[in-house]
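A.B. asks: what's the 3D shape of this:
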Amino acid sequence: MALNPHEAGTRLETFLRRKGMQQKELADVVGVEPSYISRMVKGHINWTTGKHFGRIATQLDLTDEEIKELNPAAVVERVSPEPKWEAHQSLTQGVDDSIPSALAEAAEMYRAIDPRIADPDVQLALARAGFFGGGPQTPQEWIRYFNDVRDWIGRGRA
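C.D. replies: Residues are numbered from 1 along each chain as shown. As a prediction, the model looks like this:
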């Protein structure tokens, strides 16, 4: 049987403290108003039976045992992100992982237009692909290359 709203609120407050997270931070991550989290903590809303339970449990790093204790009927699917470095390393043995200075310069110059160019993973992918056949040499060539790739990927989603 799930906890009553007051017990659930007390537990939520404990989990927030344990994680060192503020109610507003949790609200931002879950996608609700901070006042909604506040009502959960005060016991006005039973978060253990609501639609946000899985996201809250994941954000607060609740164990499987804690989840079962809070709501025995709940099923929370956890998706573990693969560590990026190990993935890159295993797939690209011997590949140069340096970001060309012109690409880094392009990221600084054009990040206000499209912040994705400043993402380290995007830069790494552009640098690796750009080296096939010599690749772009100037910041302007890099932003043109980035825009071409972005547009090409965008067409595939339409």
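A.B. asks: only C-alpha atoms from now on, for both contacts and neighbour counts.
C.D. replies: Will do.
A.B. asks: which residues belonging to the longest helix along the chain are considered buried?
C.D. replies: When secondary structure is assigned using DSSP state H, the longest helix within the chain turns out to be helix 139-157. Neighbour-count burial for helix 139-157, counted by 16 or more other C-alpha atoms under 10 Å, picks out P139, Q140, W142, I143, Y145, F146.
A.B. asks: which SSE is immediately downstream of the lowest-mean-pLDDT helix or strand in the chain?
C.D. replies: Ranked by mean pLDDT, DSSP states H and E, the helix or strand of the chain with the weakest confidence is helix 84-91, at a mean of 44. Per DSSP states H and E, the first helix or strand lying C-terminal to helix 84-91 is helix 101-110.
A.B. asks: quick one: contacts of that next one?
C.D. replies: P115, I117, A118, Q123, A127, Q137, T138, P139, Q140, W142, I143 (C-alpha atoms under 8 Å, 6 or more residues apart in numbering).
A.B. asks: wait, what's in contact with the fifth one?
C.D. replies: What it means is A127. Under the criterion of C-alpha under 8 Å, 6+ apart, the contact partners of A127 comprise S98, I99, P100, L103, G135.
A.B. asks: make a markdown table from the residues you listed and add pLDDT, distance to L3 and neighbour count to it.
C.D. replies: Formatted as a markdown table, the entries for these read as follows, by pLDDT from 0 to 100; distance: C-alpha to C-alpha, whole Å; neighbours: other C-alpha atoms under 10 Å:
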| residue | pLDDT | distance to L3 | neighbour count |
| --- | --- | --- | --- |
| S98 | 77 | 52 | 10 |
| I99 | 82 | 52 | 15 |
| P100 | 83 | 56 | 21 |
| L103 | 86 | 54 | 25 |
| G135 | 72 | 60 | 15 |
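A.B. asks: farthest pair within those?
C.D. replies: For the contacts of A127, the maximum inter-member distance is 13.6 Å, found between S98 and G135 (C-alpha to C-alpha).
A.B. asks: just the pLDDT at L3, thanks.
C.D. replies: Per-residue confidence for L3 comes out at a pLDDT of 80.
A.B. asks: tell me how far it lies from E33.
C.D. replies: According to C-alpha to C-alpha, to the nearest Å, L3 stands 23 Å off from E33.
A.B. asks: name the residue in these two with the higher neighbour count.
C.D. replies: Relative neighbour count places L3 above the other of L3 and E33, with 17 against 13, counting by other C-alpha atoms under 10 Å.
A.B. asks: so that one, which of the three states?
C.D. replies: When classified by DSSP: H, G, I helix; E, B strand; the rest coil, L3 comes out as coil.
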